[in-house]
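Asker: sequence first, predicted model second:
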Amino acid sequence: MIASLGAAVLALLVAQPIRWRAEMASEGRARNEPGPGEHAEVGEMELRARLGLVALDAPELAELTYAPRVLLQRTFFGSSLATGNATQQAGQLRLGARLAPTTVLSWYTTAEWGMVDYSPLSGAPIAGAVSLPSQRFVSTLALETMLDLSHRFSSRWRFSTSAGFRRSGGLGYDAVRVLPRQMGPAATARLEWDATRTSLLSVVADVAEHRFSARQFGALSSVLAAWTVHTSRQVVVEAAGGGAVFRSLDGRFTEYPAGLVGVAVENRPREDRVLRGSLRARLVPAINPFVEQVTETLRGEATAALADGRFRILAEGSSGYAVRGADRGARSVRFGARSWTNQAPFRGWQSEALVGVRWGDAGSL
């Protein structure tokens, strides 16, 4: 096994050819956001890049990715919650080896460091939290290393499992006071069964230990059974149910339900035109990284997209509500370039107008 992973590293160095991919994006934004006294008008320029190398020398795989990000900011009116510029960097190394025709072993390590933007208009919802930190930018360090094993028993049965170690949270004394450091082992197991040609049943078990910088300890274990069915060529329905158990430092156990229901629709009126839409509701318990406790969140998501050749239109919205746990009653709503929350210091509406340019290319060395 170790020899196979070593061969994957060697493949990245000597394989012919090595595939490369480069992506760059720039985005200019004009924001109206809450400030200490009144709303502020802020101008921002964000620059992102993603560089990757992939070596495919069957049965081995080696992939290296680097993704830097720079945010330039200036306040034109009012007093903003954050001033100055911010940088963030991320890197990932992934190695894989096929141990048998139906068995694949892979290992990856991911590192992200720099200033993370926790504004409601920036990025995806935070797992386990509807509440927000007391400041927009926090210096963080996230490390994750995982070993994955997947095996196909037959054309209908598949199994995968992963185990490793995670570290997340603030970097530095001031940052840890806002976002506590947490670390610990984590493991996941997934079993899938194609019951029919149009339906899939799966069971996912997950366990993670969280040791916080304040020397608090907790372990969250969950099991979720899911069912996905294609009711027609255009409609997919999914439903899931299960629960989670949180074990605190004093040995107490707390149970939380979990579930998901959703529907997705895709229609192709023409060969080069695609209409897509989806609705999804989730009930998810997770560790709130800001308060070191579990929060159960009810979240709704909706998307609609039109693709016509190179032309794309996307509309999306989401809403989250903390129904139980440390930040019970916290609520957030986002629709496109507008968001609202009842949590300080971002309480109220935020909006932005943006324009951007993206470029990408790929080739072989």
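Answerer: Great, that's in hand. Numbering: from 1, shown residues only.
Asker: what segments of the stretch 1-150 of the chain are strands?
Answerer: Applying DSSP state E, counting those that start in this stretch to the stretch 1-150 of the chain gives strands spanning 19-33, 40-57, 60-77, 86-100, 103-117, 137-152.
Asker: give the pairing partners of the first one; include direction for each.
Answerer: Looking at strand 19-33 with DSSP bridges, its paired strands and their directions are strand 40-57 (antiparallel), strand 348-364 (antiparallel).
Asker: still on that earlier bit, nearest to Gly360, of the strands of the stretch 1-150 of the chain?
Answerer: Between Gly360 and the strands of the stretch 1-150 of the chain, the shortest gap by CB to CB is with strand 19-33, which sits at 4.3 Å. In this view, the C-beta of every residue, glycine as well, is placed from N, C-alpha and C.
Asker: any idea how far the closest one is from the chain center?
Answerer: For strand 19-33, the separation from the chain centroid amounts to 18 Å (computed by CA atoms, centre = their mean, to the nearest Å).
Asker: which positions in that strand come out as buried?
Answerer: Arg29, Arg31, Asn32, Glu33 (16 or more other CB atoms under 10 Å).
Asker: would you confirm that the first one contacts Glu46?
Answerer: Yes. Under the criterion of CB atoms under 8 Å, Arg29 is in contact with Glu46, at a separation of 7.1 Å.
Asker: point out where the stretch 151-300 of the chain drops to low pLDDT.
Answerer: 213-215 (pLDDT under 70).
Asker: one step back: possible to save the strands of the stretch 1-150 of the chain as JSON lines with distance to Thr161?
Answerer: Supplementary listing: the strands of the stretch 1-150 of the chain in JSON lines, determined by distance: least, CB to CB, whole Å:
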{"stretch": "strand 19-33", "distance to Thr161": "28"}
{"stretch": "strand 40-57", "distance to Thr161": "24"}
{"stretch": "strand 60-77", "distance to Thr161": "18"}
{"stretch": "strand 86-100", "distance to Thr161": "14"}
{"stretch": "strand 103-117", "distance to Thr161": "11"}
{"stretch": "strand 137-152", "distance to Thr161": "5"}
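Asker: which among the ones you listed is found nearest to Arg358?
Answerer: Between those, strand 19-33 lies closest to Arg358; by CB to CB that is 4.5 Å.
Asker: Tyr108 bridge partners, please.
Answerer: Beta bridges link Tyr108 to Arg94, Met146, judged by DSSP bridges.
Asker: could I get the contacting residues of Ala30?
Answerer: The contact partners of Ala30, taken as CB atoms under 8 Å, 6 or more residues apart in numbering, are Glu41, Val42, Gly43, Glu352, Ala353, Leu354.
Asker: that should have said Arg69, apologies.
Answerer: So Arg69 contacts Glu46, Leu47, Arg48, Ala49, Thr87, Gln88, Gln89, Ala90, Gly114 (CB under 8 Å, 6+ apart).
Asker: then Gln216?
Answerer: Leu249, Glu292.
Asker: that one and Met183, how far apart?
Answerer: Counting by CB to CB, to the nearest Å, the gap from Gln216 to Met183 is 12 Å.
Asker: and what of Gly251?
Answerer: Distance from Gly251 to Met183, by CB to CB: 21 Å.
Asker: between those two, which has more neighbouring residues?
Answerer: Remark: of Gly251 and Met183, Met183 carries more neighbours, 15 against 6, as counted by other CB atoms under 10 Å.
Asker: A strand includes the more buried one, no?
Answerer: Yes. Counting by DSSP: H, G, I helix; E, B strand; the rest coil, Met183 is part of a strand.
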